[in-house]
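**Student:** Model the following, please.
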Amino acid sequence: MLTGGMKVVNAAQMRAMDEYTINEVGIPGMVLMENAGRAVVDAIEDFFDSDEPMVAAVFCGKGNNGGDGFVVERHL
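**Tutor:** Next comes the predicted model:
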C-alpha cells in the first residue's frame, strides 16, 4: 500500500526486506538500525524546529525496534 509516497508494510514484509538487505545487499543490521534511528531524530528535529532546549523520553522494548529507540536516544 502507498501512503503519501511511502510504502506501508506489515511486520513479516519488513522482516523479509531486512533479511534481503542484510543477506543479499550486504548492509549489516547494525547499519540499518543506525540509519533508522538517525532518520527518526532528523524527523523530530524538523518537526520541532527549535533552538530551545527540550526534554524527551524514549521508551524501548526488547525487540529490534528497541534497538532503534536506543539509537534515537543516543542522537537526541
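**Student:** quick one, phi psi at the residue lying farthest from the centre of the chain?
**Tutor:** Distance to the chain centre peaks in the chain at residue 52, reaching 24.3 Å (criterion: C-alpha atoms, centre = their mean). Note on residue 52: its backbone torsions stand at phi -70, psi 140 [degrees, to the nearest 10].
**Student:** what about residue 19, how many residues close to it?
**Tutor:** 11 (other C-beta atoms under 10 Å). Using the backbone N, CA and C atoms, a C-beta is placed for each residue, glycine as well.
**Student:** what mean pLDDT does whichever strand or helix holds it have?
**Tutor:** Residue 19 is part of helix 11-20 when elements are defined by DSSP states H and E. For helix 11-20, the mean pLDDT works out to 92.
**Student:** For residue 40, list the residues it contacts.
**Tutor:** 68, 71-72 (C-beta atoms under 8 Å, 6 or more residues apart in numbering).
**Student:** how far away is residue 26 from residue 40?
**Tutor:** As judged by C-beta to C-beta, to the nearest Å, residue 26 and residue 40 stand 24 Å apart.
**Student:** just to revisit the earlier point, distance of the residue farthest from the centre of the chain from residue 74?
**Tutor:** Relative to residue 74, and taking C-beta to C-beta, residue 52 is found at 21 Å.
**Student:** in this protein, which spans are helices?
**Tutor:** 11-20, 29-48, 64-75 (DSSP state H).
**Student:** what residues does the shortest one touch?
**Tutor:** Going back to what we said before, that points to helix 11-20. 9, 29, 32.
**Student:** Buried ones only from those residues, please, as a ChimeraX command.
**Tutor:** Selection of buried members from the contacts of helix 11-20 for ChimeraX, criterion 16 or more other C-beta atoms under 10 Å:
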select :32
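**Student:** Return the closest of the contacts of helix 11-20 with respect to residue 63.
**Tutor:** residue 29 (12.8 Å; C-beta to C-beta).
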